[in-house]
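> give me the fold of what follows.
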Amino acid sequence: MINRQGFPEGFLWGGAIAANQAEGGFDAEGKGWSTADMVPYFEKKDYTNLRELMHVTSATVEKAMAHHSAKGYPKRYGIDFYHRFKEDIALFAELGFKTFRLSINWPRVFPNGYDAEPNEEGLRFYDEVFDELRKHNIEPLVTLSHYEMPMSLVLKYNGWAGREVIGHFVRYAETVMNRYKDKVKYWLTFNEINTTIIEPFTGGGIIEDRVDNVMQASYQALHHQFVASSLVTQKARQINPDFQIGCMLARMIHYPATSKPEDVLQAQIDNQLNLLHTDVQVRGSYPTFMARYWAEHDISIVMEPEDEAIMKEHTVDFISFSYYTSLVSAVNPEEYGVTGGNLYSTIKNPNLERTEWGWQLDPIGLRVALKELYDRYQLPLFVVENGLGAKDTVEADGSIHDDYRIDYLRKHITQMKEAVMDGVDLMGYTNWGAIDIISASTSEMSKRYGVIYVDQDDNGQGTLNRYKKKSFGWYQNVIATNGEDLG
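The predicted model follows:
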């Protein structure tokens with residue numbers, strides 16, 4: 001029941017990571033190549049367009065697959081969660097986590113994606129992780145696909161652009177949901193599913209120089225993911241009726257640059273294109289505005305006769321999303337200055353401060369996003385990513401005074417509480433990241449999000465020892481008081 005005075009009893013406080021940014025062990029015990037293993041680290045000072053850092057071509061894939069070590073490819077070594085998960089989970093328990101969001105590394109279970117049998121060593125690893133979480137009374141929240149697609153499916157079908165991938169994904173999902181049906185209750189099908197349109201290789205496994213029309217291929221891949229998500233939702237309810245299945249959106253809330261009607265209309269269009277993804281997964285069909293959009297961009301989605309019925313019948317139970325920043329829209333964006341962000345750039349908002357990486361700090365935007373999503377769908381919401389990437393300094397005594405992170409989290413949690421008091425049904429909150437991990441966009445380590453510090457630099461050097469930041473104790477108290485004490 002919604003608590004109009006604050007966060008409800010049983011609110012799921014926790015933290016989040018992704019396998020490709022944390023696990024390491026990129027070739028351990030039978031794991032195959034993933035898309036994340038193709039992305040190297042290289043130093044870059046200009047953060048106005050981070051998308052170019054994640055741009056992958058046939059040539060870069062060939063080079064990456066010929067390089068069989070982890071050196072120079074940070075997502076291959078992560079923070080060694082693969083071997084240190086017990087230590088990390090003990091720290092999460094000390095924080096008081098009620099839930100922990102993680103992903104299953106698809107090629108750790110099916111190394112090529114289309115293997116006849118799953119890799120038992122990979123399945124056993126997640127058994128151990130879930131057992132460790134249960135020991136500490138932490139509920140796992142599991143993402144099935146979080147930028148960890150098997151490279152063999154990329155090379156054989158050009159990723160999700162090939163319809164054949166649907167069947168392989170459903171079999172993978174069915175395998176892990178059957179295996180962990182008594183250990184996992186909450187499942188997300190795709191992380192930030194709109195990334196397939198923003199960055200086709202990261203989200204959809206599409207190598208752009210292998211297709212004639214990237215936009216066409218991306219929307220076709222997205223359609224295949226929508227169908228796959230619905231089929232997995234159907235399977236999940238057959239396996240365990242108590243499962244809760246959610247979608248996951250990178251919520252990009254757009255403000256108009258001015259009060260000019262043209263800019264207001266552009267912001268509305270941009271917001272609609274963001275909410276397309278939840279419209280399909282919650283309402284079960286494409287919104288009517290997409291017909292004109294596809295026609296104007298010469299996009300034709302190939303559908304099988306049963307696709308619309310599948311999407312309509314098997315919709316999600318809750319909506320999860322990431323929120324880091326807000327964006328600004330204009331009909332003529334070239335008239336304005338630009339700032340950076342993860343996978344996108346945006347017009348500078350003169351009313352907001354920005355981080356070193358160009359993210360615009362907008363806590364009130366989170367409240368706006370929560371209210372708009374709940375008004376639109378009337379389904380429970382879950383904020384599963386929110387945090388501040390910053391460079392942390394370790395003092396001589398080993399302390400890390402990240403007051404800037406505390407300030408960011410405090411302001412965003414305050415706005416979540418306001419949204420709950422507004423009547424929003426909010427299930428939980430998992431900050432990104434629970435612990436320092438490799439950056440999704442830049443593949444650097446120095447852009448840190450965690451309340452737990454990991455001793456490792458951008459080149460993979462360090463002890464990998466874990467240390468509590470000042471924000472650790474602050475967040476621990478927030479959880480202990482169910483969000484009442486944000487001091």
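> please export the C-alpha coordinates of stretch 427-446 as CSV.
Extracted C-alpha coordinates of stretch 427-446, given in CSV (Å, rounded to 0.1, in the frame of the first residue of the first chain):
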residue,chain,number,x,y,z
MET,A,427,8.7,-0.6,-5.3
GLY,A,428,12.3,0.1,-4.7
TYR,A,429,15.6,1.8,-5.4
THR,A,430,18.9,0.4,-6.4
ASN,A,431,21.7,2.9,-6.8
TRP,A,432,24.3,2.6,-9.5
GLY,A,433,26.6,1.2,-8.7
ALA,A,434,26.7,-0.5,-5.4
ILE,A,435,30.4,-0.8,-5.9
ASP,A,436,32.9,0.8,-8.3
ILE,A,437,32.9,-1.0,-11.7
ILE,A,438,34.1,-0.4,-15.2
SER,A,439,32.3,2.5,-16.9
ALA,A,440,29.8,1.3,-19.6
SER,A,441,30.5,4.2,-21.9
THR,A,442,34.2,5.0,-21.5
SER,A,443,35.5,1.7,-20.2
GLU,A,444,37.4,3.6,-17.6
MET,A,445,37.7,2.9,-13.8
SER,A,446,38.2,6.5,-12.7
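> mind listing what residue 57 touches?
For residue 57, the contact set (CB atoms under 8 Å, 6 or more residues apart in numbering) comprises 207, 208, 209. All C-beta spots, glycine's among them, are computed from the backbone N, C-alpha and C.
> which of the residues you listed are buried?
207, 208 (16 or more other CB atoms under 10 Å).
> nearest to residue 325 among the contacts of residue 57?
residue 208 (25.6 Å; CB to CB).
> what does the average pLDDT come to for stretch 309-321?
Stretch 309-321 carries an average pLDDT of 98.
> in this protein, where's the longest helix?
For the chain, the longest helix by residue count, based on DSSP state H, is helix 214-239.
> which helices and strands sit right next to it?
helix 164-179, strand 186-190, helix 195-198, helix 200-204, strand 244-250, helix 307-313 (3 or more CB pairs under 8 Å, 6 or more residues apart in numbering; DSSP states H and E).
> could you pull out the helices for the stretch 351-487 of the chain?
363-377, 403-421, 470-480 (DSSP state H, counting those that start in this stretch).
> buried residues in the shortest one?
Burial within helix 470-480, assessed by neighbour count using 16+ other CB under 10 Å, is assigned to 470, 471, 472, 474, 475, 476, 478, 479.
> now do the contacts for the second one.
I take that to be residue 471. Residue 471 neighbours (CB under 8 Å, 6+ apart): 402, 405, 406, 409, 451.
> surely the last one meets residue 431?
The one in question is residue 451. Yes: using CB atoms under 8 Å, residue 451 is in contact with residue 431, at 7.3 Å.
> now for those two: what residues contact both?
15, 475.
> flag the shaky bits of the chain, pLDDT-wise.
For the chain, the stretches with pLDDT under 70 are 1-4, 44-54, 340-344.
> what are the ranges of the strands in it?
For the chain, the strands defined by DSSP state E occupy 12-16, 99-103, 139-145, 186-190, 244-250, 254-256, 318-322, 327-329, 338-339, 346-347, 381-385, 426-432, 452-454, 466-468.
> between those strands, which one is closest to residue 266.
Nearest to residue 266, of the strands of the chain and by CB to CB, is strand 327-329 at 4.6 Å.
> tell me the strands beside that closest one, with direction?
Next to strand 327-329 in the sheet, as set by DSSP bridges, lie strand 254-256 (parallel).
> how many other residues sit next to residue 305?
Residue 305 has 6 neighbours, counted by other CB atoms under 10 Å.
> if I look at it, how far off is residue 234?
For residue 305, the distance to residue 234 equals 17 Å [CB to CB, to the nearest Å].
> same check on residue 303?
Distance from residue 303 to residue 234, by CB to CB: 17 Å.
> likewise residue 189?
11 Å.
> run through the residues that contact residue 414.
363, 486 are the contacts of residue 414 under CB under 8 Å, 6+ apart.
> again, 10 Å this time
363, 364, 366, 367, 483, 486 (CB atoms under 10 Å, 6 or more residues apart in numbering).
> same question for residue 237.
By CB under 10 Å, 6+ apart, the residues touching residue 237 are 243, 245, 314, 317.
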